[in-house]
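*Asks:* The sequence and its predicted three-dimensional model are supplied below.
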Amino acid sequence: MGNIEEFGKRLENLLKYGNIRGPKRTIRVTSVSFCPLRAALTTRYDVRFFGEKNKEKILGQVLHMGLLGLIKDSWPYLQGDIEANPEIEKEVSYDLGEGWLLTGRIDLVIGEHVFEFKFFSEFSYEKIPENLSDVEEDSVLNAYTEQLNAYLNMLPDAEFGHLWIFRHNELIPWKKLEIKKDSKAFKAFLKRARGIIELIESIENGEFPKDPKLRFNWECKRCIFRSICAK
Ligand code: SF4
């Protein structure tokens, strides 16, 4: 009887949601670039709003929102001969299969150009090289550039990525980096996203990883899961 009930549930889900598992679950682009266990726990328990936000983070968010609002309100002055309209905080998604979606929100899209704005305070600006191939392995820039590349690959008409980095208190971008669309790197990104989904599913089956693999060495210091993590 149990098997038939399970079959009924799967069929209902298939009819209602287009997959046997039920409503699609989402994993955010921004979490895929960091520690897989942290991403799995954050996604599984939806803890986006836990943990303390420091002054710098709040200031960064306010500046970020202010910049996007400024672009929106001033578009008639900024537009020049651009025909495309700006799309602010554009939601994008990619079907990962098995009832999972990869989702993200892009700061700004203008035609085939995708922009991401980052406000830094503690980061050592001198560590940002002119050439992206010179970025150190442990740099958070690797996370930001691969997120931008994910957006380029999730939007069918996007071609050019622009990462603008601001210092807090200065409204002129300190560095502007251009990113080329790279489908091979996106495949590796999707593989990591699927690895996080596997982790979520093993946590749901009562298995907690004993030896979590970090993405960047500095991540544990600020992680809200430190007290339950084996690392
Ligand atoms: S403490 Fe470190 S290894 Fe554990 S979840 Fe956090 S970032 Fe990952």
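*Replies:* Sure thing, it's come through. None of the values given here were measured: they were computed from a predicted structure.
*Asks:* Around the ligand, which positions in the protein sit nearby?
*Replies:* Residues of the chain lying near the ligand by C-beta under 6 Å from any ligand atom: 35, 37-38, 212, 214, 219-220, 223, 225-226, 229, 231. To be clear about C-beta, it is placed using only N, CA and C from the backbone, and glycine gets the same treatment.
*Asks:* 8 Å - rerun?
*Replies:* Proximity of the chain to the ligand, by C-beta under 8 Å from any ligand atom, involves residues 34-38, 41, 212-214, 219-220, 223-226, 229-231.
*Asks:* Buried members of those into ChimeraX, please.
*Replies:* The ChimeraX selection below is limited to those of the residues of the chain next to the ligand classed as buried (16 or more other C-beta atoms under 10 Å):
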select :34,35,36,37,38,41,212,219,223,225,229,231
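*Asks:* Specify which residues of this protein, grouped into ranges, have pLDDT under the cut-off.
*Replies:* 1, 18, 46-54, 122-127, 169 (pLDDT under 70).
*Asks:* Not counting sequence-adjacent ones, nearest residue to P209?
*Replies:* Spatial nearest neighbour of P209, excluding adjacent residues (C-beta to C-beta, 6 or more residues apart in numbering): L37 at 5.9 Å.
*Asks:* so the most centrally placed residue in the chain is in which element?
*Replies:* Centroid-nearest residue in the chain: T30, 1.7 Å away (criterion: C-alpha atoms, centre = their mean). Applying DSSP states H and E as the criterion places T30 in helix 29-32.
*Asks:* on that earlier part again, quick check: closest non-adjacent residue to the residue nearest to the centre of the chain.
*Replies:* Q147 (6.1 Å).
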